[in-house]
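A.B. asks: How does the following fold in three dimensions:
(one chain, ligands or ions: 1)
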Amino acid sequence: MDRHITLGEFIIENQKDFPYAKGELSALLSSIRLAGKVVNQQINKAGLAEILGKAGKENVQGETQAKLDIMANEVFISTLKNRGEICGLASEELEDFLAFDEDMHKDAKYVVLIDPLDGSSNIDVDITVGTIFSIYRRKSEPGTKVTMEDFLQPGDKQIAAGYLIYGTSTILVYTTGNGVNGFTFDPGIGSFFLSHPQMKFPEKGNIYSVNEGNYVHFPAGVKKYIKWVQQIDENDGRPFTSRYTGSLVADFHRNMLLGGIYLYPQGTTSPNGKLRLLYECNPMAFLTEQAGGKASDGFRRILELQPEELHERVPFFCGNKEMVEKAEDFLKTSG
Ligand SMILES: O=P(O)(O)OC[C@H]1O[C@](O)(COP(=O)(O)O)[C@@H](O)[C@@H]1O
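C.D. replies: Reported below is the predicted structural model:
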């Protein structure tokens, strides 16, 4: 594959994977690319543009929103709404889903779910953050009003998912069920170019990403797993290395490149963990499986979970298959 192919060319070239999409999915992915460029440009100059700091408003998660959370949310909503490819959108920053029912949307087949700015705690301190997106075909008939059922679909019904990582370079990584590909943004040219074709978790991993500050609240099985990764064993390269940035996108991206596991378990203070099934776990689980890894809530495959609510949280374990299975074994035996 030509490494210098642009994202736009790659999307068109792979349109054949979606004969029923008639180009709409390509147009939708292109809209996400555009919104990503706008958010990237804003983030890069955040300190100069008076958009650092809190906006003083609380979101449905009970978190005080950052100005950049609101900026990114508005950019993605306006960019996607003004292009007619989708009939509805749900965002981690909004209580309810948005139904787009102007004429230009009535025949649209897709809904999008977004975490406009992942890693909110890192925004003001210039550490890598990201945007996560997930795309589904609607279940309701085109021409009718979009419904909650269109959003509460199991992750294995996703037709595309991905993230933008705003780090040392800006990269858009996505899957449509035919592997995972990453595209690096060249600010000089203003385009994304294929830089990471067919991304796969390496055979072995030795990185674990978890907020150990919550250790006392973790279930016994998770505590035992963390102690196990910290023991010496030359055969499998333990102790493993601890790396945790506070941004799921950044930890996931590193672990997919170098081999590792990310876990945000349940705890005594957060019985369902912290991460949102629809906006964070489902899209990252789709990417994980497409890259040869595994994603579960410690017991069940994330992509088979039937969502009940827009903002439900689930415990999340994702990364190298072997590492996730080891963590699951400890949970199964020690609870
Ligand atoms: O600060 P904690 O509790 O470790 O949580 C950090 C985790 O929460 C997240 O920030 C998700 O929440 P946001 O989408 O609100 O940023 C993840 O990116 C990150 O891995």
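A.B. asks: Unless I'm misreading it, residue 268 sits right up against residue 217, doesn't it?
C.D. replies: Yes. In this structure, residue 268 sits in contact with residue 217. The criterion is CB atoms under 8 Å, and the distance is 4.4 Å. Backbone N, C-alpha and C define where each C-beta goes, glycine included.
A.B. asks: Mind checking which of those two has more residues around it?
C.D. replies: residue 217 (16 against 10; other CB atoms under 10 Å).
A.B. asks: How about residue 233: which residues does it bridge to?
C.D. replies: Beta-bridge partners of residue 233, counted by DSSP bridges, are residue 238.
A.B. asks: does the ligand sit close to the longest helix along the chain?
C.D. replies: Of all the elements of type helix in the chain, the one with the most residues (DSSP state H) is helix 24-44. No. Taking CB under 6 Å from any ligand atom as the criterion, helix 24-44 and the ligand are apart, separated by no less than 13.7 Å.
A.B. asks: For that helix, which outside residues touch it?
C.D. replies: Among residues not part of helix 24-44, those counted as contacts by CB atoms under 8 Å, 6 or more residues apart in numbering are 7-8, 11-12, 15, 18, 49, 51, 68, 71-72, 75-76, 79-80, 83, 85-86, 108-110, 112, 116-117, 129, 131, 133, 135, 159-160, 162, 164, 166, 170, 172, 174, 176, 185, 190, 192.
A.B. asks: hey, C-alpha coordinates of that helix in PDB?
C.D. replies: As requested, C-alpha coordinates have been extracted for helix 24-44 and formatted as PDB (Å, rounded to 0.1, in the frame of the first residue of the first chain):
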ATOM      1  CA  GLU A  24     -22.400   8.400   2.400                       C
ATOM      2  CA  LEU A  25     -20.100   6.700   4.800                       C
ATOM      3  CA  SER A  26     -17.100   8.200   3.000                       C
ATOM      4  CA  ALA A  27     -18.700  11.600   3.200                       C
ATOM      5  CA  LEU A  28     -19.300  11.100   6.900                       C
ATOM      6  CA  LEU A  29     -15.700  10.000   7.600                       C
ATOM      7  CA  SER A  30     -14.600  13.100   5.700                       C
ATOM      8  CA  SER A  31     -16.800  15.300   7.900                       C
ATOM      9  CA  ILE A  32     -15.200  13.800  11.000                       C
ATOM     10  CA  ARG A  33     -11.700  14.500   9.400                       C
ATOM     11  CA  LEU A  34     -12.700  18.100   8.900                       C
ATOM     12  CA  ALA A  35     -14.000  18.600  12.400                       C
ATOM     13  CA  GLY A  36     -10.900  17.000  13.700                       C
ATOM     14  CA  LYS A  37      -8.700  19.500  11.900                       C
ATOM     15  CA  VAL A  38     -10.700  22.400  13.400                       C
ATOM     16  CA  VAL A  39     -10.500  21.000  16.900                       C
ATOM     17  CA  ASN A  40      -6.700  20.300  16.400                       C
ATOM     18  CA  GLN A  41      -6.100  23.900  15.300                       C
ATOM     19  CA  GLN A  42      -8.000  25.300  18.400                       C
ATOM     20  CA  ILE A  43      -6.200  23.000  20.800                       C
ATOM     21  CA  ASN A  44      -2.800  23.900  19.400                       C
END
